[in-house]
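Chemist: Got a predicted structure plus its sequence, pasted below:
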Protein chains: 2
Amino acid sequence: VAPRNRLVCNAHVSDSLAARLATIVGTGNVFADADRRATYETDWTRRFSGPARLVARPGSTAEVAAVLGACADAGAAVVPQGGNTGLVGGSVPRGGEVVLSTLRLTSIESLDAAAGEVTVGAGLTVAALNEAAAAHGLRFGVDLASRDSATLGGMAATNAGGINVVRYGMMRAQVLGMEAALPDGGIVSRLFGVGRDNTGYDLPNLFVGSEGTLAVVSKLRLRLVPMLPQRAVVLLAFDTLGAAIETALRARREVEALTAAECFFAEGLDLVCRHAGIPAPFTGRWPYYILLEAAARTDQSMALAGAVADAPGVRDSALATDARDRTRLWAYRDRHTEAINAEGVPHKLDVAIPLARLDEFAKEVRAVVLDLSPAAQVVLFGHIAEGNLHVNILGFAPDDERPDEAVLRLVASMGGSISAEHGIGVAKARWLELTRPPADIAAMRAVKAALDPRGIMNPGVLFPRPESQVPRRE
Amino acid sequence: VAPRNRLVCNAHVSDSLAARLATIVGTGNVFADADRRATYETDWTRRFSGPARLVARPGSTAEVAAVLGACADAGAAVVPQGGNTGLVGGSVPRGGEVVLSTLRLTSIESLDAAAGEVTVGAGLTVAALNEAAAAHGLRFGVDLASRDSATLGGMAATNAGGINVVRYGMMRAQVLGMEAALPDGGIVSRLFGVGRDNTGYDLPNLFVGSEGTLAVVSKLRLRLVPMLPQRAVVLLAFDTLGAAIETALRARREVEALTAAECFFAEGLDLVCRHAGIPAPFTGRWPYYILLEAAARTDQSMALAGAVADAPGVRDSALATDARDRTRLWAYRDRHTEAINAEGVPHKLDVAIPLARLDEFAKEVRAVVLDLSPAAQVVLFGHIAEGNLHVNILGFAPDDERPDEAVLRLVASMGGSISAEHGIGVAKARWLELTRPPADIAAMRAVKAALDPRGIMNPGVLFPRPESQVPRRE
């Protein structure tokens, strides 16, 4: 796949900024040679990449702040980067920026098992946090496929979601405190983890989801949740999406232990079965499927089965309580991504639609895509309780943005969100105005200019960047 | 009690701004006569009051925005006001501002019972929302003593808390969408209620808790929660606060249906029993008490009793499952405010302390107050799971700020919050710097200046206002 960013790299291997950064983070943690830069220049999607001027790896909040201050002095643009698992190109250079990597910030401090709280460095991965928490019977409330690489700081900066949002909320709901460095070299430190705090503007909540355009998250005070040993999973088939939605919402209302409410469609299921070589879950082929999971300290199978037993429109169902059966049912949902990727390079759009219009959207989205290319394929799956669908489109060249634009326009026309959990990044910046009117964008730009007056923080992300605004090297 | 604000009123009964506002909201909804102004000029505390230039009562978001735009043009300061039930003086004029009342914004739209969501006008009260929601078996997740007057817009602007935070979170966690008017007359409209949305800065979350200094909340999309018919309450006595905290945290971990975890102390209980003329709950007098409530669709008494049955340090306990007994146990907590007020005019400070230091704080706070006046009385109660204590101090003149300052300095020295759920208002603005270092306050001021460059929004609230910055009349 061709990289999306075409700015020419004109980085100098050694420059005065590098020397100054070396005095802050140590010579071993600033580098500009192509070999060492490489892993910082391309993200998981391999769709987004670009050359870095240099990479700096600070080892503390104070070093993060000092690096930002030095870059601001030099007028050098900065791309903050965690595990580089984003899907919208927000964490890799566009051309010649300083990459500020948080990967050295992996501390785990003050784990308070009784209160269910912990302080972590921004570069810690979900998997590493879960390993430490498991010793106390706890886990982190957000889980996603990239758990071994995704860093908690990056997940806060992008307000990551995942499969357990229906139970625990998105990343925002896990953040009890934050330390962040500002582009003027200042530090906002609100780490004490007090659950109630109304002392001025909630800057941590402003930084959550700001995609590295305002500040660099360096530490987090996070909520931990209990590991719940008793799990039950049910897979249900429907012949209308409306009935599937009603059933998922009923489960959310009635099953307090609900931890996941996922959905997929017949096309995706067919793909998964073919690529994974597994049998279909039911003898009949139905158009719509939801997978519900409940977890608690006590057995949830009765509560889960009871809530959906007489739900209207259920055409078939399977309940799993032991680990093998649960894994078998989850595979139908989990293996969508690999099955889709095996078919080609998909256009992946992450959108949310008001539930009342989700059925209409699922039909319309096929129509608008097939209208562009009758041979195209649309595979939908996602998190049904929040109307969050991942729209996977096969059959277009990677650089052909017509299907992306058509889908996002449809989303906007239905009052939805053009980015439910992935963020805007560089990928969707040009479409921000589809759902954010001028007064809203003006307010966002005012906030951006207030905290980052020189525009060094992740330029090109979130707001479209006119070429004239590309930060210049000193 | 003498009003705290001493700025002289120099409002003109009729002026050109009034005429312009009348064209926006109608002549009946702009007034400057003292009789009609009176209820808008003093809040619930009666400690804060000041004269308004005039009162404007817009009837829609567009009217709110137009009122702000007209005030900005005229350089006229605006105090947004809901139910006027705040406790820190943030909703009444300091002297000559336009009061923008949201009380006409009482719409209830698009109640989606299946999804548990509703759109309301900012001026709707909690009680009115609960009345509408009850018909669908739903209620609002935040409850507080001022429920009959407190408006949802004001509660969002101040991020209100209350007794159910341990279950549902603070006001911030209820807000799914928002419409707000900006001081430049623009409107931020993010009402669609999609639960997942990562499309740029989360301006609604920035406005939550900003106390009317950035924007006026005019509409909200809110989460509703199920009415839970089965309730169990347990009151427990301890001889150490540490054991009480441990027990509350254990209940929070183990009782998923936990809806409240409140605490009070022997001095407060004595006051309540004397003023309400009710017997003490237990034969022994113990220094620390917690009240736990669990609510669900199924009986919670076993789960609640089981979780605390073998908790270390419990000296006595009472379990209530029927309505009469529940009310009887809740009275010991609920009647604190009236019992304290019957003793005199208390200084009321709302603080949060990291749980690990709460015991130390409870002892130290008495010491620092008694050090100022040996005859003073300190009554503590609050929301124990979040370390949120309401510090009530009797025995000082209302204008004597020595105890306030001593308590807040103690809070800051222990890494706590000087305002857990009440906000900063004008009451605590001078102490903001106790827990917010210069870089943090500078970032907040930058955001303020970005969105309210003329400084018309609730001046004097949140940030201390140098006299020179008092907005001038045209």
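Modeler: That came in fine, so what should we check first? Residues are numbered from 1 along each chain as shown, chains lettered A, B, ... in the order given.
Chemist: When you work out contacts or count neighbours from here on, use the C-alpha atoms and nothing else.
Modeler: Will do.
Chemist: distance of A:Leu87 from chain B?
Modeler: 13 Å (C-alpha to the nearest C-alpha, to the nearest Å).
Chemist: what kind of secondary structure is that residue in?
Modeler: Look at A:Leu87: counting by DSSP: H, G, I helix; E, B strand; the rest coil, its state is coil.
Chemist: In this model A:Thr45 seems to touch it, though I could be wrong.
Modeler: Yes. Between A:Leu87 and A:Thr45 there is a contact at 6.1 Å, judged by C-alpha atoms under 8 Å.
Chemist: These two: which is more packed in?
Modeler: A:Leu87 (23 against 14; other C-alpha atoms under 10 Å in any protein chain shown).
Chemist: what's that one in contact with, if anything?
Modeler: Taking C-alpha atoms under 8 Å, 6 or more residues apart in numbering or on different chains, we find A:Leu87 in contact with A:Asp43, A:Trp44, A:Thr45, A:His422.
Chemist: Below-threshold pLDDT in the stretch 251-400 of chain A: ranges please.
Modeler: Within the stretch 251-400 of chain A, not a single segment meets pLDDT under 70.
Chemist: who's in contact with the nearest residue to A:Arg167 once chain neighbours are set aside?
Modeler: Spatial nearest neighbour of A:Arg167, excluding adjacent residues (C-alpha to C-alpha, 6 or more residues apart in numbering or on different chains): A:Thr259 at 4.9 Å. Contacts for A:Thr259 (C-alpha under 8 Å, 6+ apart) come out as A:Ile163, A:Asn164, A:Val165, A:Val166, A:Arg167, A:Tyr168, A:Leu292, A:Glu293, A:Ala294, A:Ala295.
Chemist: Backbone dihedrals for A:Thr259, please?
Modeler: phi -110, psi -20 (degrees, to the nearest 10).
Chemist: Which residues does the biggest strand by length in chain A contact?
Modeler: Of all segments of type strand in chain A, defined using DSSP state E, the longest is strand A:216-226. The contact list for strand A:216-226, computed with C-alpha under 8 Å, 6+ apart, reads A:60-61, A:64, A:80, A:102, A:105, A:116-123, A:133, A:137-141, A:152-154, A:156-157, A:174-182, A:191-193, A:207, B:253.
Chemist: So which of those sit within helices?
Modeler: A:Thr61, A:Val64, A:Ala133, A:Leu152, A:Gly153, A:Gly154, A:Ala156, A:Ala157, A:Gln174, A:Phe207, B:Arg253 (DSSP state H).
Chemist: Distance check, the fourth one against A:Thr106.
Modeler: Which is A:Leu152. 10 Å (C-alpha to C-alpha, to the nearest Å).
Chemist: How about the last one?
Modeler: Counting by C-alpha to C-alpha, the separation of B:Arg253 from A:Thr106 is 27 Å.
Chemist: what do you get for A:Arg297?
Modeler: Using C-alpha to C-alpha, A:Arg297 is found at 31 Å from A:Thr106.
Chemist: the more surrounded of these two?
Modeler: Higher neighbour count among A:Arg297 and A:Thr106: A:Thr106, with 21 against 14, using other C-alpha under 10 Å.
Chemist: Distance of that one relative to B:Thr321?
Modeler: In terms of C-alpha to C-alpha, A:Thr106 sits 48 Å off from B:Thr321.
Chemist: next one: A:Val88
Modeler: 53 Å.
Chemist: ok, the two, which is more surrounded?
Modeler: For A:Val88 versus B:Thr321, neighbours defined as other C-alpha under 10 Å are more numerous around A:Val88 (26 against 17).
Chemist: List the buried residues of whatever helix or strand A:Leu380 lives in.
Modeler: In this assignment (DSSP states H and E), A:Leu380 forms part of strand A:377-383. Of the residues in strand A:377-383, A:Gln377, A:Val378, A:Val379, A:Leu380, A:Phe381, A:Gly382, A:His383 count as buried by neighbour count, 16 or more other C-alpha atoms under 10 Å in any protein chain shown.
Chemist: And stretch A:397-414, by the same measure?
Modeler: A:Pro398, A:Pro403, A:Asp404, A:Glu405, A:Val407, A:Leu408, A:Arg409, A:Leu410, A:Val411, A:Ala412, A:Met414.
Chemist: is it fair to say the fourth one lies in a strand?
Modeler: So the one you mean is A:Glu405. No. Counting by three-state DSSP, A:Glu405 falls outside a strand, being helix.
Chemist: from the buried residues of stretch A:397-414, which is closest to chain B?
Modeler: Nearest to chain B among the buried residues of stretch A:397-414 is A:Met414, at 9.7 Å by C-alpha to the nearest C-alpha.
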